[in-house]
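> model this:
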Amino acid sequence: MTEHISKQYDQDLEAIRSRTLQMGGLVESQIRGAVAGYLDGDADRIEQAIAADARVNELEIAIDDDLRQVIVRRQPAASDLRLIMAVSKTVTDLERIGDEAAKIARMARELGASGRKQPARLAPVNHVAEIAIGMLRKSLDAFARLDAAAAANIIGEDASIDNEFHSIMRQLITHMMEDPRTITTSINIVWVAKAIERIGDHAKNIAEQVIYIVKGRDVRHTPLAEVQREALG
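Sure, this is the predicted structure:
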C-alpha cells in the first residue's frame, strides 16, 4: 500500500511538471506570434497572441490548484516541497511572460488600427526578442532536465538583453531628437522592447528556480560568479 501511494505521489508531481512545461510551450508560441505580428502586421497572429492569454491564465490557476492538492494530501518532504515551491514561482513567471506577450500584441493591434506604417528600424527589436525567446526555451529545457549548470548559463545571458535594450533606447532617443515626427512610433517601440526585456527577466527567474530545486540554494540577487560556482558544485 505504501509503495502504491508513493508511486501515485511521484505520478502527481510528474503530471504537474508536464503541465508546467505545456504552459511554457504555449507561452513561447504566444511570444513568437506577438513579436511576428508586431514586425509584419499580421492581424491573425496578433489576435491569436491576445486570445492565448486566457488559456495561459487558466493553466496558472489549474496548476496552482494541483500544487495545493499535493500539499494537502501528501505533506511533502523537504526536497519535494522545494520542487512544489519552485513550480509555483515558475508558473507565476510564465503567466507574467504571457501578459507581456499580450501587451506586445495589443500594441501591434493599436498600430494597425491607427493606419500608421510599421516602424522602420525594427531589426534590433527582432534580435532582442530572439534572445529572450531563446532564454525562455533553454530555461524550460533546464527545468525539464533539472540541469543546474544549464540554468546558470541562462542567468548569464540576461545581461545581453539589458545591453540590447539600452542600445535600442539610445538609437530611438537619437531618432526622436533628429525628427520629432518619429516620437509616437518610437515610444511604441520602447514599450515593446521593455516588454521583451521583462520576458528575459522572467526567463532568468525560471532558471534560478531550477538551481533551487537541484541544489536547495536560493540564488536570487546573487552575483553570477557565485551562482555558477553553486550550480557546478
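> From now on I want contacts and neighbour counts done on CA atoms only, so please keep to that.
Noted.
> tell me which strands and helices the helix or strand harbouring Gln171 is in contact with?
Secondary structure assigned from DSSP states H and E places Gln171 in helix 148-178. Packing partners of helix 148-178 (3 or more C-alpha pairs under 8 Å, 6 or more residues apart in numbering; DSSP states H and E): helix 123-145, helix 183-215, helix 224-232.
> Helix 183-215 and the shortest one, what's the angle between them?
If I follow you right, that is helix 224-232. 40 degrees (axes from the mean of the first three to the mean of the last three C-alpha atoms, to 10 degrees).
> can I get the CA coordinates of helix 224-232 in CSV?
Output in CSV follows, covering the C-alpha atoms of helix 224-232 (Å, rounded to 0.1, in the frame of the first residue of the first chain):
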residue,chain,number,x,y,z
LEU,A,224,26.7,35.5,-11.3
ALA,A,225,30.1,34.0,-10.5
GLU,A,226,28.7,32.7,-7.2
VAL,A,227,25.6,31.3,-9.0
GLN,A,228,27.9,29.4,-11.4
ARG,A,229,30.0,28.0,-8.6
GLU,A,230,26.9,26.8,-6.8
ALA,A,231,25.4,25.3,-9.9
LEU,A,232,28.6,23.4,-10.8
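> Going forward, count from 24.
Okay, using 24 as the starting number, the last item reads as helix 247-255.
> So which other helices or strands are in contact with that helix?
Counting by 3+ C-alpha pairs under 8 Å, 6+ apart, helix 247-255 packs on helix 171-201, helix 206-238.
> Show me which helix or strand of this protein is least confident by mean pLDDT.
helix 247-255 (a mean of 85; mean pLDDT, DSSP states H and E).
> buried stuff in that helix?
For helix 247-255, the neighbour count (16 or more other C-alpha atoms under 10 Å) marks 250-251, 253-254 as buried.
> how much does it deviate in direction from helix 171-201?
Using the same axes, to 10 degrees: helix 247-255 against helix 171-201 is 150 degrees.
> Since that was my last question, I'll sign off now.
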